[in-house]
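Enquirer: Using only what follows, build the 3D model:
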Amino acid sequence: MAPTAVPPEADDDGALPADRDITPFDTWHPAVSRLERRLLKAVQEAARDAREDGVVFVVTLGWRSKEHQQRLLEEGIEKYGSLEKAREFVNTPEKSTHVSGEAVDIGPTDADDWLIRFGSAYGLCQAYANELWHFELLTSPGGTCPTPRNNAAG
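Expert: Sure, this is the predicted structure:
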């Protein structure tokens, strides 16, 4: 799948547009293009193979700026009532693997299920037990994924 031209709404902080799906092949968007090179390659390879099973990957969150991560943390504190509870779902900008480009959130649920079952063939593993959609390179391709951590707080 060829990447599309950069639309004017591409946001440099990694925020995704509400009116269209972004795939692992949409490298015009910073949420995809600023992923760590090995992670992007693994996700693209897995997405190609998943398509053979009728499963389409959508990037629901990818790389994001420290400022964007801070906004998400503040929204989490508002939603959950405390920093401690928000940290179960949202990391600080200093600790976020999204900010470093080392994590990607994939949807919809059938894509998450596919990655949980077959992702280790690409080195992709579910990182957190409470986030079926959050994947990181946590093993070598063909290796065994570690048990997911309970949540983003550890």
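Enquirer: switch to C-alpha atoms for all contacts and neighbour counts from now on
Expert: Will do.
Enquirer: Following the chain past the host helix or strand of residue 106, name the next helix or strand.
Expert: Element membership for residue 106 (DSSP states H and E) is strand 104-107. Counting by DSSP H and E, the next helix or strand C-terminal to strand 104-107 is helix 109-118.
Enquirer: So which elements touch that following helix?
Expert: Packed against helix 109-118 by the contact rule (3 or more CA pairs under 8 Å, 6 or more residues apart in numbering; DSSP states H and E) you find helix 37-51, strand 124-128, strand 131-137.
Enquirer: is it possible to export these to TSV including mean pLDDT, mean neighbour count and distance to residue 65?
Expert: Formatted as TSV, the entries for the helices and strands packed on helix 109-118 read as follows, by pLDDT from 0 to 100; neighbours: other CA atoms under 10 Å; distance: least, CA to CA, whole Å:
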stretch	mean pLDDT	mean neighbour count	distance to residue 65
helix 37-51	98	18	17
strand 124-128	97	26	20
strand 131-137	97	23	17
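Enquirer: Identify whichever of those lies nearest to residue 67.
Expert: With CA to CA, the closest approach to residue 67 among the helices and strands packed on helix 109-118 belongs to strand 131-137: 19.9 Å.
Enquirer: still on that earlier bit, now for the strand holding residue 106, which elements pack on it?
Expert: In terms of contact count using 3+ CA pairs under 8 Å, 6+ apart, strand 104-107 is assigned the packing partners strand 58-61, strand 131-137.
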